[in-house]
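Student: Got a predicted model here, sequence first, then my questions.
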Amino acid sequence: MTAYHSVIEAQQCILSHVSKMQAEEVALHDALGRVLAEDVAANRNHPPYDVSAMDGYAVRFADIEAATADAPVRLMVVDDIRAGSMPQVKVLQGRAARIMTGAPTPAGIDTVIRVEDTEVDGDDVLILVPPVNGANIRPLGENLRNGEVVLSQGMEITPGVLAILAMVKQQQVSVFARPTVAILSTGDELEGIDEPIDENKIPDANSHALYAQCKALGITPTLLGIAHDNPIELRAKLAQGLKHDVLLASGGVSVGHHDFVRPTLDALGISMHFWRVAMRPGHPLAFGTTETGCAVFGLPGNPVSSMVCFEQFVAPACKSMMGYKKCFRRTITARLAHDLRDRAGRAHFVRVTLTRDETGYVAASTGTQGSGVLMSMAMAEGFAIVPADVESLNAGDMVTVQLLQGMDFQPEVDL
Ligand code: AMP
Ligand code: MG
């Protein structure tokens, strides 16, 4: 139990100890960003019949096979079919029907010619291009086939998925519930945000940083406030937190004389799985579980460490509980703008900003990387990862960067 876990071992241990939440029903519009808890089958065909993919003319391929601009083929227009209306007549040899995008194709035809490739001449249409047999027709059921599973459990509900849910008329959607999360800051030196400034105290940043990190996952956590470094008060507040699915306690988790979090968690009967991870910042990190299924994280007190640990460990755990298959932040490869010196033996998460030049992404440190220097976190767009077995990297070296944000100033490609 005293050995250091690697980051990946710690992540695997955590994921093996958390389980998916129960399903709950939410209104369609509240389902965005959630994860489907059941398969969804189509309750109709869409399109319900073959429809035109273009505004144009529904024709018989054999009639116009030889059409060119110089020798157009003339057809008599016998119908005008709009989206939402039904064809009135079968299209016989030598005839065509004007048709709109999404309108059902009439009997007798096999091809649609787009309006740009035609010319109207009185009641006739001239076809000016050689056709492609079967072109511009969307077949019945191309989008959805009645009875077929179209969305499966575990899919994240994006706007595109939500559109399909709307098409199959799911006004209520079954999704995995979000865990309840409690947040507790610990330390005699801490001052609450609503307390007057005391020069001898330190404002509690962690409660609010962790709150915001939870919100970014779609979870609204409960703030339990500040517990002093006193085993009785700490025990009462931790016990309150254990009623939630996840408890985040920051500070007091190291080996200092007043670090009571781990012994108190032990006294509360929590099975501790590890408490040291070979990473910087953030190495005192305790993880345990209760019999009732609460996942307990003892996060380091330093605000940057606490936030980095949240991203590496708490966020994947919460994501996994909410049913996401992709629980880890996306990474890119970037070129380092400058040297990075490091001690070997611990994975280092360096807070960086990202720019792009003609060769790709460039990562530059956000400044002093001390674990108490919150500004390095406030400016960060990502974490550049220096693996545990790497001691230093040089300017120009390629480095993996975990993205904290997804948007950019301008499109990457000229469109
Ligand atoms: P600890 O892990 O309790 O030894 O705390 C490490 C450092 O983080 C100390 O300098 C604490 O003052 C600071 N710290 C602990 N908790 C918080 C918090 N909630 N907000 C800001 N700083 C904190
Ligand atoms: Mg402390």
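Tutor: Noted; the coordinates are in hand. Ligands and ions are numbered 1, 2, ... in the order given.
Student: Residue 235 belongs to a strand?
Tutor: No: if the criterion is DSSP: H, G, I helix; E, B strand; the rest coil, then residue 235 is helix and not within a strand.
Student: surely it meets residue 265?
Tutor: No: Residue 235 is beyond contact range of residue 265, at 9.3 Å (criterion: C-beta atoms under 8 Å). (C-beta placed from N, C-alpha, C; glycine too.)
Student: Looking at the two, which is more packed in?
Tutor: Counted by other C-beta atoms under 10 Å, residue 235 and residue 265 do not tie: residue 265 has more neighbours, with 25 against 17.
Student: quick one: what helix or strand has that one in it?
Tutor: For residue 265, the host element (DSSP states H and E) is helix 261-267.
Student: contact partners of that helix?
Tutor: The contact list for helix 261-267 (C-beta atoms under 8 Å, 6 or more residues apart in numbering) reads 186, 231, 234-235, 238, 249, 251-253, 272, 275, 286, 288, 296, 298.
Student: same thing with stretch 397-404?
Tutor: The list of residues contacting stretch 397-404 from outside it, by C-beta under 8 Å, 6+ apart, reads 311, 329-336, 340, 349, 352, 354, 361, 363, 380-386, 393.
Student: Inside strands: which ones of these?
Tutor: Per DSSP state E, strands hold the following members of these: 331-336, 340, 349, 352, 354, 361, 363, 382-386, 393.
Student: Give me the buried entries from those.
Tutor: 334-336, 340, 349, 352, 354, 361, 363, 382-386, 393 (16 or more other C-beta atoms under 10 Å).
Student: Which members of these are the farthest-apart pair?
Tutor: Of all pairs drawn from those, the greatest distance, 18.0 Å, lies between 335 and 349 (C-beta to C-beta).
Student: mind checking how far the worst-scoring helix or strand of the chain on mean pLDDT is from the chain centre?
Tutor: Ranked by mean pLDDT, DSSP states H and E, the weakest helix or strand in the chain is strand 340-341, scoring a mean of 89. Centroid separation for strand 340-341 versus its chain: 31 Å, with C-alpha atoms, centre = their mean, to the nearest Å.
Student: wait, isn't residue 390 in contact with residue 342?
Tutor: Yes: contact criterion C-beta under 8 Å: residue 390 and residue 342 qualify, at 7.1 Å.
Student: between the two, which one's more packed in?
Tutor: Between residue 390 and residue 342, counted using other C-beta under 10 Å, the more crowded position is residue 342 (18 against 15).
Student: need the contact list for the more buried one.
Tutor: Residue 342 neighbours (C-beta under 8 Å, 6+ apart): 280, 348, 386, 390-393.
Student: out of those, who's nearest residue 224?
Tutor: Residue 224 has its nearest neighbour among the contacts of residue 342 in residue 280, at 28.1 Å by C-beta to C-beta.
Student: Just give me the closest of the buried ones among the ones in strands among the contacts of stretch 397-404 to ligand 2.
Tutor: Of all those, ligand 2 sits closest to residue 349, with 21.6 Å by C-beta to the ion.
Student: With the flanking residues excluded, which residue is spatially nearest to that closest one?
Tutor: In this structure, residue 349 finds its nearest non-sequential neighbour in residue 383, 4.1 Å apart by C-beta to C-beta, 6 or more residues apart in numbering.
Student: One more: residue 394?
Tutor: Nearest in space to residue 394, with sequence neighbours left out and distances taken as C-beta to C-beta, 6+ apart, is residue 339 at 5.2 Å.
Student: what about the closest residue to ligand 1 within the chain, how many neighbours?
Tutor: Nearest to ligand 1 in the chain, going by C-beta to the nearest ligand atom, is residue 301, at a distance of 2.3 Å. Neighbours of residue 301 under the rule other C-beta under 10 Å: 26.
Student: any idea whether it is helix, strand or coil?
Tutor: Residue 301 - assigned by three-state DSSP - is coil.
Student: which phi and psi does it have?
Tutor: Phi and psi for residue 301, reported as degrees, to the nearest 10, are phi -70, psi -30.
Student: Residue 130: what's it in contact with?
Tutor: Shown in contact with residue 130 (C-beta under 8 Å, 6+ apart): 65-68.
Student: same thing with residue 109?
Tutor: 58-60, 91, 96-97.
Student: and the stretch 101-250 of the chain, which of its residues are near ligand 1?
Tutor: 185, 187, 189-190, 202, 204-206, 250 (C-beta under 6 Å from any ligand atom).
Student: could those be laid out in CSV, adding secondary structure, neighbour count and pLDDT?
Tutor: CSV is the format used below for these (DSSP: H, G, I helix; E, B strand; the rest coil; neighbours: other C-beta atoms under 10 Å; pLDDT from 0 to 100):
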residue, secondary structure, neighbour count, pLDDT
185, strand, 26, 98
187, coil, 20, 97
189, coil, 15, 97
190, strand, 23, 98
202, strand, 14, 97
204, coil, 23, 98
205, coil, 20, 98
206, helix, 28, 98
250, strand, 30, 97
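Student: can I get these in JSON lines with distance to ligand 2?
Tutor: Converted to JSON lines, those look like this (distance: C-beta to the ion, whole Å):
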{"residue": "185", "distance to ligand 2": "9"}
{"residue": "187", "distance to ligand 2": "4"}
{"residue": "189", "distance to ligand 2": "7"}
{"residue": "190", "distance to ligand 2": "8"}
{"residue": "202", "distance to ligand 2": "10"}
{"residue": "204", "distance to ligand 2": "11"}
{"residue": "205", "distance to ligand 2": "13"}
{"residue": "206", "distance to ligand 2": "11"}
{"residue": "250", "distance to ligand 2": "9"}
